[in-house]
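Trainee: Need a 3D model of the sequence below.
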Amino acid sequence: MATNKIIQHSYYSPELSQLARDYDIRFFDLDDVILTPKDQYYCGTSWINKNAHKILELFNHLVTCSTNTSYRAVSQQMNEDFAKIHDQHKIYGLTARDIIVSKETYDHYTSTGMKFSNLDVEHPLIERGVIYASKRIADKGTILLDILNNGILGEVKSIIFFDDMLYNLEDVAKALENTDIDFLGIHLTTVYDEQNSTYTQEELDHIGHTQLEIFGQCGYIPTNNDVMSGNIKDQCMA
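Mentor: Next up is the predicted model:
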């Protein structure tokens, strides 16, 4: 009987890289796992999920803001560790981003040192080793299971998946529970822990709202520090 398990880690350690080598395929969420905004709450995963009730309404806006955001690696060591073995082991992205921003997304994750394995297939949701599981289409579990059933990924006996959102891991676990595929979900909470050790949720809400407002008015996104210190360009306060 296949195993199906989710465990939480607050940060990456080399032991996780060793653990991942035991699996046929290693999947990685992108936002707040591989990369995260440099100093910006707005347009990050936590802000998006808090505003999930109006995500479809904000979709075109989110595409624009993501292309105007500067990113850093969540864990430079993790990205480098897996980039080193992407030619020998199957390492793919599994993101809720829409494929219409695949070019920008490629630039974002490669700038952090991450590389994914080549996946030379024709599929409307796959580009350069990344599966774009947009919420406009379905959840990550449903989309991944469909791709697995299509045989695109070959014979798969085990999967490990790194994501910062527990519900994504639960969706994949549920999708795989009636298969013969062993599944291990890694709930990586690094960015969430960093944000909540620096700001209260009330402060984060204020930061996100202000960054959204300023971006809409002036086309630039002030940093978290600038919002909290009131250091915002004069023309944006008119």
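
Trainee: What residues sit buried inside the longest helix along the chain?
Mentor: The single longest helix within the chain, with elements called by DSSP state H, is helix 201-218. Buried positions in helix 201-218, judged by neighbour count with 16 or more other C-beta atoms under 10 Å: 204, 207-208, 210-212, 214-215. Using the backbone N, CA and C atoms, a C-beta is placed for each residue, glycine as well.

Trainee: Following the chain onward from the helix or strand bottoming out on mean pLDDT in the chain, which element is next?
Mentor: None of the helices or strands of the chain scores lower by mean pLDDT, DSSP states H and E than helix 55-67, at a mean of 69. Using DSSP states H and E, the helix or strand that follows helix 55-67 towards the C-terminus is strand 71-73.

Trainee: Tell me which stretches of this protein form helices.
Mentor: Under DSSP H, the chain gives helices at 14-20, 45-50, 55-67, 76-84, 102-110, 140-149, 166-176, 190-198, 201-218, 224-229.

Trainee: And those: which comes nearest Y132?
Mentor: helix 102-110 (6.4 Å; C-beta to C-beta).

Trainee: now the angle from the closest one to helix 76-84?
Mentor: Interaxial angle, helix 102-110 versus helix 76-84 (axes from the mean of the first three to the mean of the last three C-alpha atoms, to 10 degrees): 110 degrees.

Trainee: per-domain residue ranges of the chain.
Mentor: Domain segmentation of the chain under automatic domain parsing yields 4-34+74-194, 37-73+201-229.

Trainee: Output the helices of the chain in TSV; the columns should cover distance to K90.
Mentor: Formatted as TSV, these follow (distance: least, C-beta to C-beta, whole Å):
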stretch	distance to K90
helix 14-20	10
helix 45-50	24
helix 55-67	26
helix 76-84	11
helix 102-110	17
helix 140-149	13
helix 166-176	16
helix 190-198	24
helix 201-218	36
helix 224-229	36
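
Trainee: Quick one: closest of those to L35.
Mentor: Evaluated over the helices of the chain, closeness to L35 peaks at helix 102-110, with 5.7 Å, by C-beta to C-beta.

Trainee: which helices and strands does the closest one pack with?
Mentor: If contacts are counted by 3 or more C-beta pairs under 8 Å, 6 or more residues apart in numbering; DSSP states H and E, helix 102-110 sits against strand 130-132.

Trainee: helices or strands next to the strand it packs on in the packing?
Mentor: strand 90-95, helix 102-110, helix 140-149.

Trainee: Can you tell me the strand partners of it and which way each runs?
Mentor: strand 90-95 (parallel), strand 126-127 (antiparallel) (DSSP bridges).

Trainee: For that strand, buried residues please.
Mentor: For strand 130-132, by 16+ other C-beta under 10 Å, it's 130-132.

Trainee: Sort out which one of those residues lies nearest I48 for me.
Mentor: Taking these together and measuring to I48 by C-beta to C-beta, the closest member is Y132, at 15.2 Å.

Trainee: Contacts only, for the closest one.
Mentor: 95, 97-99, 102, 105, 125-126 (C-beta atoms under 8 Å, 6 or more residues apart in numbering).

Trainee: if we can go back for a sec, deepest-packed of the strands paired with strand 130-132, please.
Mentor: Highest mean neighbour count among those (mean count of other C-beta atoms under 10 Å): strand 90-95, with a mean of 23.
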